[in-house]
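Engineer: Need a 3D model of the following:
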Amino acid sequence: MFASNIHEDEIERRIDIFRDEAQKSLSDNDIVNKICSIFGDAYSFPTVSGFYDVGTEFFRARPIGDDDHKFPLKSMQHVGDAWEKPADMVETQGRLNGIRKSVLYCCPNNPFLAIEESGASANKHVSVIVYRAKKPIKCAVLGCYEESQLPKDKMTRLFYSFLEEEFSQVVKEGEESRYAITRVIAETFFSYPNQDAWSYRSVKSRSMWNVAFLQGKQKECLELIGVMLCDIGTTSREALHVKMVVDFDQKSGKAKYHAVGSEQQKKLFPKISQN
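Structural biologist: Next up, the predicted model:
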C-alpha cells in the first residue's frame, strides 16, 4: 500500500504542475527531483516483478533499406548487426535509453509486433532477429497496475496511474527529449534487485508487451538463434513471408545466408514453410 506524508489532493496538484513543466526540456536531475517531490518528503510503495521462462522467444526487427538488396546485405553482415546498436551510434533518446546509451528492445513471442515497433511497415523488406531466453528473466513490469495483485486503494492507484500514464506517452519524431522522463521513471521507481529487464506495454497495441534489457544483461539472458529476412508486402498477421535466413560463423562472426528449404534453414527455423 502506498504511503506518503502529504495528502492526495496535494499530490494531484503537484502532478498537474509537473505535466505543465514536462513540455519543457528538463535535465535528468530536474526530472528526478520534480517527480520525487510530487509524492512528498517521505513515501513508500509496493512493487511487482514479472518473469519470462527459459526458452521464451524474443523478436527484434530492423527495416531493410530499398538500396540494400544484394546479398550479403549491408545491414546484416556480422553478428553485431543482430544485436543492439553500438553506443557511439545512438544519437537520439529512446523510451529507456539516453544518447550514447544502447539498449536491446525486443517483443516476447510476437514477431509481428516487433515489425510494427521497428517502423518497417513502409519498407519492402525487414530483418526479423530471433533470440531465446537461456535463463529465467526477471523484469520490472510497467503498466500492469490494474491487472496486478498490488493494493487497489486510492493512493496506490494515484501513484501508479501517474507513473504509467507518463511512461506510455506517445512521443513524436523530433521530440525524443521527452523520453528522458520515461527513462527516469524506470530507473527511479522500477529498478529492483537482480533485475534483468523492463517489461512495458506497447504503444502500438496496449494488449501486448515490449521488453528492454538492462545494459550488459542481454547476452547473459539471451542466445541468438538467427535472422529471418522477410517480404513485408506479402507478410500477414498469420505468417511471415521469409525469403532467406541468416546465422553467423562462430569464430569470425560473419553472416551466412541460407535459402528457404535448405537444411540449415530447417535447423534454424523448422516452423518456416517453403514459400
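Engineer: switch to C-alpha atoms for all contacts and neighbour counts from now on
Structural biologist: Fine.
Engineer: and the one helix or strand residue 161 maps to, how far from the chain's centre?
Structural biologist: Using DSSP states H and E, residue 161 falls within helix 154-167. Centre-to-centre, helix 154-167 and its host chain are 21 Å apart (CA atoms, centre = their mean, to the nearest Å).
Engineer: repeat for stretch 89-104
Structural biologist: How far stretch 89-104 lies from its chain's middle: 11 Å, per CA atoms, centre = their mean.
Engineer: mean confidence score for it?
Structural biologist: The pLDDT scores in stretch 89-104 average 92.
Engineer: Can you pull out the low-pLDDT segments for this structure?
Structural biologist: For the chain, residues meeting the criterion pLDDT under 70 lie at 235-238, 274-275.
Engineer: Next SSE downstream of the helix holding residue 161?
Structural biologist: With elements assigned by DSSP H and E, the helix or strand that comes after helix 154-167 is helix 179-189.
Engineer: and that following helix, C-alpha only, in CSV?
Structural biologist: C-alpha atoms of helix 179-189 as CSV (Å, rounded to 0.1, in the frame of the first residue of the first chain):
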residue,chain,number,x,y,z
TYR,A,179,11.9,10.1,-23.4
ALA,A,180,14.1,11.4,-20.6
ILE,A,181,11.0,11.3,-18.4
THR,A,182,10.2,7.6,-19.1
ARG,A,183,13.8,6.6,-18.6
VAL,A,184,14.0,8.4,-15.3
ILE,A,185,10.7,6.8,-14.2
ALA,A,186,12.1,3.4,-15.0
GLU,A,187,15.4,3.9,-13.3
THR,A,188,14.0,5.6,-10.2
PHE,A,189,10.8,3.6,-9.5
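Engineer: So which residues make contact with that helix?
Structural biologist: 27-28, 31-32, 93-98, 163, 166-168, 171, 198 (CA atoms under 8 Å, 6 or more residues apart in numbering).
Engineer: Now list the buried members of the residues you listed.
Structural biologist: Applying 16 or more other CA atoms under 10 Å to the contacts of helix 179-189, the neighbour count classes 31-32, 93-98, 163, 166-168, 198 as buried.
Engineer: what's the closest of the residues you listed to residue 125?
Structural biologist: In terms of CA to CA, no member of the buried ones among the contacts of helix 179-189 lies closer to residue 125 than residue 94, at 23.4 Å.
Engineer: list the contacts for the closest one?
Structural biologist: So, once contact is read as CA under 8 Å, 6+ apart, residue 94 ends up touching 176, 179.
Engineer: could you measure it against residue 151, distance?
Structural biologist: 31 Å (CA to CA, to the nearest Å).
Engineer: which strands and helices sit next to the strand or helix carrying residue 198?
Structural biologist: In this assignment (DSSP H and E), residue 198 forms part of strand 197-201. Strand 197-201 makes packing contacts with strand 137-142, strand 209-213 when contacts are defined by 3 or more CA pairs under 8 Å, 6 or more residues apart in numbering; DSSP states H and E.
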